[in-house]
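>>> Here is my input, please return the structure:
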Amino acid sequence: MSDRIVRLIGLTGGIATGKTAISNYLADACGFPILDADIYAREAVNPGSPILDSIVKRYGAGILLPDGNLNRPELGSIIFCNPDERQWLEQQIHPYVRRRLVEETQSYIAASSLVSQSTQDLSTKTQETGFFNQKLERSIVEKKPGFCAPADTLTLVLVVPLLFEANMTDLCTEIWVVYCSPEVQLERLMQRDGLSYDRAKARINAQLPLAQKCQQADVILDNSSTLDSLFLEVDVQVSRFEI
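From the prediction side, this is the model:
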């Protein structure tokens, strides 16, 4: 792996600023693997998990839905109005999310060592090395830049809404922050989640202010206009590693 460049993009921003739109574009248009912290956070509280058991012990069985899954709206009504409870919950979930991000990153990097071989060799080795190599082989056949980028570069996108708050910036080689104005952010959140003004503001205020995130970013993507305009900004940043 010493002759291979690994580009780990930490994609973050505020709630309802457009992280999903960008991660979907990077996956679909560029073929980059997406490691989504929200997926791992949901995984952390699956029925029967130790973390969910801890949540039930703290808040009671009423925090569960009839099917045994976590009642997320109910939990949200608790933590977004109580910083101490939010901190407690994050202390349960963030270590799990970090571990999963590290595991998945390491798995992709290990599997990508086969990319320099022929597609025929990859097909043979897929049976030995599993799921990640199947994805890598498909990317080669489809000639997606995620694995066929110039300069022998492997690019992974780590979508972590609380990248700064959870102290996970060390997992990335560069940080992209998706920005829009506070007014646009609030309007989008209220429309998307059907929240009142006060509840939407509480969710926004639970995160580090966007302005502070932008100060720590390597790349700022302005999502105040159209998606086409946003994707053009993304294309410029993706092409920085192309020769």
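
>>> which stretches of the protein form strands?
For the chain, the strands defined by DSSP state E cover 5-13, 34-36, 153-159, 174-179, 219-222.

>>> Tabulate the ones you listed (TSV), appending mean neighbour count and mean pLDDT.
C-beta: built from backbone N, CA, C; applies to glycine. Below are the strands of the chain laid out as TSV (neighbours: other C-beta atoms under 10 Å; pLDDT from 0 to 100):
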stretch	mean neighbour count	mean pLDDT
strand 5-13	22	95
strand 34-36	22	98
strand 153-159	23	94
strand 174-179	22	97
strand 219-222	18	97
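
>>> Rebuild those strands as TSV, extending it with distance to residue 71.
Listed next are the strands of the chain as TSV, based on distance: least, C-beta to C-beta, whole Å:
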stretch	distance to residue 71
strand 5-13	27
strand 34-36	22
strand 153-159	24
strand 174-179	29
strand 219-222	34
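
>>> Figure out which of those strands is closest to residue 196.
strand 5-13 (22.5 Å; C-beta to C-beta).

>>> Kindly calculate the angle that the closest one makes with strand 153-159.
20 degrees (axes from the mean of the first three to the mean of the last three C-alpha atoms, to 10 degrees).

>>> Residue 90: how many residues sit nearby?
When neighbours are counted by other C-beta atoms under 10 Å, residue 90 registers 16.

>>> Give me the nearest residue to it, chain neighbours excluded.
The shortest distance from residue 90 to any non-neighbouring residue, by C-beta to C-beta, 6 or more residues apart in numbering, is to residue 166 (6.9 Å).

>>> what are the bridge partners for the spatially most central residue of the chain, then?
Geometric centre of the chain, nearest residue: residue 159, 1.6 Å, by C-alpha atoms, centre = their mean. Applying DSSP bridges to residue 159 gives these bridge partners: residue 11, residue 36.

>>> my read: it touches residue 37, true?
Yes. Applying C-beta atoms under 8 Å as the test, residue 159 and residue 37 come out as touching, 6.2 Å apart.

>>> which residues in this protein form helices?
Counting by DSSP state H, one finds helices in the chain at the ranges 19-28, 37-44, 50-59, 72-79, 83-112, 119-129, 131-142, 145-148, 182-193, 197-205, 210-215, 227-238.

>>> Can you say which of the ones you listed is nearest to residue 171?
Using C-beta to C-beta, those put helix 83-112 closest to residue 171, at 5.8 Å.
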